[in-house]
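Engineer: Fold the stuff below for me.
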Amino acid sequence: MGGGHGSSRATYMGGTAIYHASETIVEKGSRIAADALEAAEADIDFADGHFAVVGTNRSVSLLEVAARAREAGAPLDTYHAWTREHMTFPNGAHVVEVEIDPETGAVSLVRHTAVDDYGVLVNPMIASGQAHGAIAQGAGQALLEHAAYDAGSGQLLAGSFMDYALPRADDLPSFHVEFNATRCTTNPLGVKGCGEAGAVAMLPAIHNAIVDALAPLGVTQFDGPATPYRVWQAIRSPHA
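Structural biologist: Residues are numbered from 1 along each chain as shown. As a prediction, the model looks like this:
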């Protein structure tokens, strides 16, 4: 049970509920395994899918224990409701390099480097994929995407992808993403959210790079998206 839609918390919320439910299953299973192995429950250890008598090679698998529990009318099935008590706070740094064509105002994103702390990475490949997707989303928001409305009617003018530009592969450089994990202390898995981090970081990183590139021309601020026309206007009217 969470706090409504939004924020990265699938592994934090679902993973923590699974963790606590798993503890209950191991506790239930240990009693059945102790009976099956004719040992004291205190001497039963669970690891790698097996209940074993500590200090011996005597063991029984989780699936065997589950079958015994079902036959005894007391299945291992467990329901655990967990309500989020704290947030997770991922952090990191994103650096981009842009090149701007002074004649057309076209901005090219030529290099991107990120170091993020998402806590314990359950699956680094998936975390990398999430980071890449968020970076692409942030780059699209910074360089291309703009929801335009008619001033009189309020009608959305960017009504299709013919008018609302999304980033494509050739708009993006190769991503250099590194992880510097610090275990989160607000959940037993040590995980942190990672879905939105790139989208949060890319917008200011790209805009700061654009302002830095145009600073010699007198540009001190810039409101996105950084379409060629807007950048071209800023180059020619830096104080407008």
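
Engineer: All the strands of the chain, residue numbers only.
Structural biologist: Secondary structure of the chain (DSSP state E): strands at 44-47, 50-53, 59-61, 91-100, 107-117, 175-179.

Engineer: Buried residues, the last one. List them.
Structural biologist: Just to be clear, that refers to strand 175-179. Phe175, Val177, Phe179 (16 or more other C-beta atoms under 10 Å). Where C-beta positions appear, they are placed from N, C-alpha and C, glycine not excepted.

Engineer: Sheet-wise, list the partners of it with their directions.
Structural biologist: Using DSSP bridges, the strands paired with strand 175-179 are strand 107-117 (parallel).

Engineer: do the fourth one as well
Structural biologist: The strands beside strand 91-100 in its sheet (DSSP bridges) come out as strand 107-117 (antiparallel).

Engineer: I'd like the average pLDDT over the partner strand.
Structural biologist: If you average the pLDDT over strand 107-117, you get 95.

Engineer: now stretch 73-83
Structural biologist: Average pLDDT, stretch 73-83: 91.

Engineer: Equivalent analysis for stretch 133-149, please.
Structural biologist: pLDDT averaged over stretch 133-149 gives 93.

Engineer: what are the ranges of the helices in the chain?
Structural biologist: Along the chain, the segments classed as helices by DSSP state H run 15-37, 62-71, 124-143, 197-214, 228-236.

Engineer: how about the ones you listed in CSV, adding distance to Leu109 and mean neighbour count?
Structural biologist: Formatted as CSV, the helices of the chain follow (distance: least, C-beta to C-beta, whole Å; neighbours: other C-beta atoms under 10 Å):
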stretch, distance to Leu109, mean neighbour count
helix 15-37, 34, 17
helix 62-71, 49, 16
helix 124-143, 6, 19
helix 197-214, 7, 20
helix 228-236, 13, 17
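
Engineer: now the strands of the chain in JSON lines, with distance to Pro216?
Structural biologist: Formatted as JSON lines, those follow (distance: least, C-beta to C-beta, whole Å):
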{"stretch": "strand 44-47", "distance to Pro216": "63"}
{"stretch": "strand 50-53", "distance to Pro216": "67"}
{"stretch": "strand 59-61", "distance to Pro216": "70"}
{"stretch": "strand 91-100", "distance to Pro216": "11"}
{"stretch": "strand 107-117", "distance to Pro216": "16"}
{"stretch": "strand 175-179", "distance to Pro216": "27"}
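
Engineer: Any idea which of the ones you listed gets closest to Asp163?
Structural biologist: For the strands of the chain, the distance to Asp163 is smallest for strand 107-117, at 19.5 Å, taking C-beta to C-beta.

Engineer: So what touches the closest one?
Structural biologist: With contacts defined as C-beta atoms under 8 Å, 6 or more residues apart in numbering, strand 107-117 is touched by 90-101, 131, 135, 139, 143, 171-182, 192, 194, 197-198, 201-202, 206, 210, 226, 228, 231.

Engineer: likewise stretch 59-75?
Structural biologist: When contacts are defined by C-beta under 8 Å, 6+ apart, stretch 59-75 is touched by residues 28-29, 32-33, 36-37, 46, 49-53, 76.

Engineer: What does the pLDDT read for Ala169?
Structural biologist: At Ala169, pLDDT is 91.

Engineer: and the chain, what are its domains?
Structural biologist: For the chain, whose domains are defined here by automatic domain parsing, the residue ranges read 10-71, 91-236.
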